[in-house]
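> got a predicted structure plus its sequence, pasted below:
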Amino acid sequence: MGYRISEIATALGAQAFGAVDLLITDASEPASASETSLALAMSEQYADGLKQGKARAAILWDGADWQALGLEAAIFVPRPRYAMSGLTQLMDAGPDIDAGIHPTAIIHQTAKIGAGAAIGPFVVIGKDAVIGRNARIASHSSIAEYARIGDDALILNGVRIGARVVIGHRFIAQPGGVIGSDGFSFVTPEKSTVEQVRESLGNNVTASDQSWTRIHSLGTVNIGDDVETGANVTIDRGTIRATTIGRGSKLDNQVHIGHNVQVGEDCLLCGQVGIAGSSKIGNRVVMAGQCGVSDNIFVGDDVVAGGATKIFTNAPAGRVLLGSPAVKMASHIEMQKAIRRLPRFMKKRPTPSKDTTGN
């Protein structure tokens, strides 16, 4: 099993030179490449690696002399990192889920399974659930009653999809995700200490006995087309209206989306991002790892937040943020420079002289 250089170039929309019929079995870093590997030497810094490895063919940086590098074939792409998406898609066989329905799967008699679907071992599908065409569901996953999943979905091992959740086409869920759990909503009979703190900013808070009563989640989760969720992602259902994830958004491992949250289209939320209840995230927002968003606020379109940024107030569209609390990235850098100067500043600060007058 392998790929001709010409086939790879066609899949990438790229140019190929040399022995285009050469058979490739895998992709590799240049230094560890075998004779049947396609070396990924996408910048000049990998030239020495090509000499260490045994690759006969490579994807090269623009302007590289492939013959001088001792190669028999080469592929040139205009944007190397983007080419990685096409190459990995071509070579990734995906999980091995047998076609049809595994005999250990439990599927309610009213559920509707689309043509070409593959349902793995110990999958449970509830009442009136709808599974789209060519969907693949790996072992030990569960789809609750009335859930709807679009065509060409890939749901990997141990994913839990709750009741009434609606998911679009080409959805990908990595193992262990939970979509449609109850929101974390609790209230006390009397005004709680949390409410007092919000109103007074910590002043005049009177602590007293309080017990928490659940507000049940009657809403659901709606997810658009081409969304991907990482391992152990958790998305809470809305209290009344749905929690929503817009088309094309990608959620990394351990991202948590609270109840009633609205995430826009083509957002990128990296590992351990947490978004508290009822906040609204615009389109094309990028949040690096461990970012946090407070409840009931708005983050505008095209906001970019650096790692561990904590957003406590509304963020206007296009803002680049960093820090806790979040400020403009340029401001945060200046603040950190000032903090680093503090020890030196304190050493240079003159010691106040004693007042001998008694005043």
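That came through fine.

> what about the closest residue to G53 other than its chain neighbours, neighbour count?
In space, G53 comes closest to A33 once its chain neighbours are excluded; the distance is 3.8 Å by Cβ to Cβ, 6 or more residues apart in numbering. (Each C-beta comes from the backbone N, C-alpha and C, glycine too.) Other residues lying near A33 total 24 when counted by other Cβ atoms under 10 Å.

> quick one: pLDDT of A33?
At A33, the model reports a pLDDT of 96.

> enumerate every residue touching it.
With contact set as Cβ atoms under 8 Å, 6 or more residues apart in numbering, A33 has these partners: 39, 50, 53-55, 58.

> identify the farthest-apart pair in the residues you listed.
Based on Cβ to Cβ, the longest span within the contacts of A33 runs between K54 and A58 and measures 11.4 Å.

> who's more crowded, these two?
The neighbour comparison of K54 against A58 (other Cβ under 10 Å) goes to A58, with 29 against 15.

> my guess is the more buried one contacts W66. True?
Yes: counting by Cβ atoms under 8 Å, A58 sits close enough to W66 to count as a contact (7.2 Å).

> list residues touching both of these two?
Common neighbours of A58 and W66, using Cβ under 8 Å, 6+ apart, are A74.

> return the longest helix anywhere in the chain as CSV; C-alpha atoms alone will do.
The single longest helix within the chain, with elements called by DSSP state H, is helix 329-348. What follows is the C-alpha trace of helix 329-348 in CSV, where atoms were taken according to Å, rounded to 0.1, in the frame of the first residue of the first chain:
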residue,chain,number,x,y,z
MET,A,329,-1.3,42.4,24.5
ALA,A,330,1.0,45.5,23.9
SER,A,331,-0.1,46.9,27.3
HIS,A,332,0.5,43.6,29.1
ILE,A,333,4.1,43.4,27.7
GLU,A,334,4.8,46.9,28.9
MET,A,335,3.4,46.1,32.3
GLN,A,336,5.6,43.0,32.6
LYS,A,337,8.6,45.0,31.6
ALA,A,338,7.8,47.5,34.4
ILE,A,339,7.4,44.7,36.9
ARG,A,340,10.8,43.2,36.0
ARG,A,341,12.3,46.6,36.6
LEU,A,342,10.8,47.0,40.1
PRO,A,343,13.6,45.2,42.1
ARG,A,344,16.2,47.4,40.4
PHE,A,345,14.1,50.5,41.0
MET,A,346,13.6,49.7,44.7
LYS,A,347,17.4,49.3,45.2
LYS,A,348,18.1,52.7,43.6
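
> so which elements touch that helix?
Using 3 or more Cβ pairs under 8 Å, 6 or more residues apart in numbering; DSSP states H and E as the contact test, the elements touching helix 329-348 are strand 320-322.

> what strands line up against the strand it packs on, and which way round?
Strands that pair with strand 320-322, judged by DSSP bridges, come out as strand 304-305 (parallel), strand 327-328 (antiparallel).

> buried ones in the helix or strand of the chain with the lowest mean pLDDT?
Of the helices and strands making up the chain, the lowest-confidence element is helix 193-200, at a mean of 84, by mean pLDDT, DSSP states H and E. If you call a residue buried by 16 or more other Cβ atoms under 10 Å, then helix 193-200 has these buried ones: Q196.

> hmm, who's touching it?
Residues from elsewhere that reach helix 193-200, judged by Cβ under 8 Å, 6+ apart: 204-208, 210.

> apply 10 Å and report the result again.
Contacts of helix 193-200 from elsewhere in the structure, counted by Cβ atoms under 10 Å, 6 or more residues apart in numbering, are 186-188, 191-192, 202-208, 210.

> pLDDT and secondary structure for those - can I get that in CSV?
Below are the contacts of helix 193-200 laid out as CSV (pLDDT from 0 to 100; DSSP: H, G, I helix; E, B strand; the rest coil):
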residue, pLDDT, secondary structure
F186, 93, strand
V187, 91, strand
T188, 90, coil
K191, 84, coil
S192, 86, coil
G202, 80, coil
N203, 83, coil
N204, 81, coil
V205, 85, coil
T206, 82, coil
A207, 80, coil
S208, 78, coil
Q210, 84, coil
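
> report the buried members of those.
For the contacts of helix 193-200, a neighbour count by 16+ other Cβ under 10 Å gives the buried set as S192.

> tell me the two of the contacts of helix 193-200 that are most distant?
By the measure Cβ to Cβ, those have their two most distant members at F186 and N203, which lie 24.1 Å apart.

> do a quick rundown of the helices in this structure.
For the chain, the helices identified by DSSP H occupy 5-12, 47-52, 80-91, 193-200, 329-348, in order along the chain.

> lovely, talk soon.
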